[in-house]
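1. Next comes the sequence, and after it the predicted model I'd like to discuss.
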Amino acid sequence: MRLSQKSALKESIMAGPTDDEAEAPLDPAIARVQARLRTMMLIAAGTLGVGLLAVFIAIAFRVARSGDDTPPAGGAFQTLVEVVTPGTVVATDVDGDRLSLTIDGPEGKVVEIHHLPSGKLVGRAVLLAK
């Protein structure tokens, strides 16, 4: 090979594919795979978009509702709670509509739970130490 042929061959390799080679039609099987992949990507992007939209709507809803400190419906209640266990009340706790009383009595420590609006005894537990 002469020098000019080598340089021409080198230039054709460096130039890359010609326009005819770049625009060659795809195999029909590869075209179907590309179409299916494109469809699956659109479905995945749509699902992600709907999920993100739902999360942002939930956050906006919680932020909008966070300022509502309205009292519960109905009027204020007044009740009388009758302590069943004789002794000294050493601790109280309120959770929702339940009142918990810890009493130091003759049986030991007793926990009574009362329904606050009605004042009725819901449960009673005697604490025994071993």
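-> Everything's here; your move. Numbers count the residues shown, from 1 in each chain.
2. Just the strands from the chain, written as ranges.
-> For the chain, the strands identified by DSSP state E occupy 88-95, 98-105, 108-115, 121-127, in order along the chain.
3. Reformat the ones you listed as a markdown table; add mean pLDDT, mean neighbour count and distance to residue 55.
-> (C-beta placed from N, C-alpha, C; glycine too.) Written out in a markdown table, the entries for the strands of the chain read as follows (pLDDT from 0 to 100; neighbours: other Cβ atoms under 10 Å; distance: least, Cβ to Cβ, whole Å):
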| stretch | mean pLDDT | mean neighbour count | distance to residue 55 |
| --- | --- | --- | --- |
| strand 88-95 | 89 | 10 | 31 |
| strand 98-105 | 90 | 17 | 34 |
| strand 108-115 | 90 | 17 | 39 |
| strand 121-127 | 89 | 13 | 39 |
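4. Would you agree residue 102 is in contact with residue 111?
-> Yes: counting by Cβ atoms under 8 Å, a contact exists between residue 102 and residue 111, whose distance comes to 5.4 Å.
5. just to revisit the earlier point, right, and the strands of the chain - which one's nearest residue 54?
-> Ranking the strands of the chain by distance to residue 54, with Cβ to Cβ as the measure, places strand 88-95 first at 32.4 Å.
6. list the helices and strands that closest one packs on?
-> Contact here means 3 or more Cβ pairs under 8 Å, 6 or more residues apart in numbering; DSSP states H and E; on that basis strand 88-95 packs against strand 98-105.
7. partners of the strand it packs on in the sheet?
-> The partner list of strand 98-105 in its sheet, established with DSSP bridges, is strand 88-95 (antiparallel), strand 108-115 (antiparallel).
8. And those strands: which comes nearest residue 63?
-> With respect to residue 63, and counting by Cβ to Cβ, the nearest of the strands paired with strand 98-105 is strand 88-95 at 26.5 Å.
9. Just checking the distance from the closest one to the centre of its chain.
-> Mean C-alpha position of strand 88-95 versus that of the full chain (Cα atoms, centre = their mean, to the nearest Å) differs by 35 Å.
10. which residues touch that strand?
-> The list of residues contacting strand 88-95 from outside it, by Cβ atoms under 8 Å, 6 or more residues apart in numbering, reads 83, 99-105, 109, 116.
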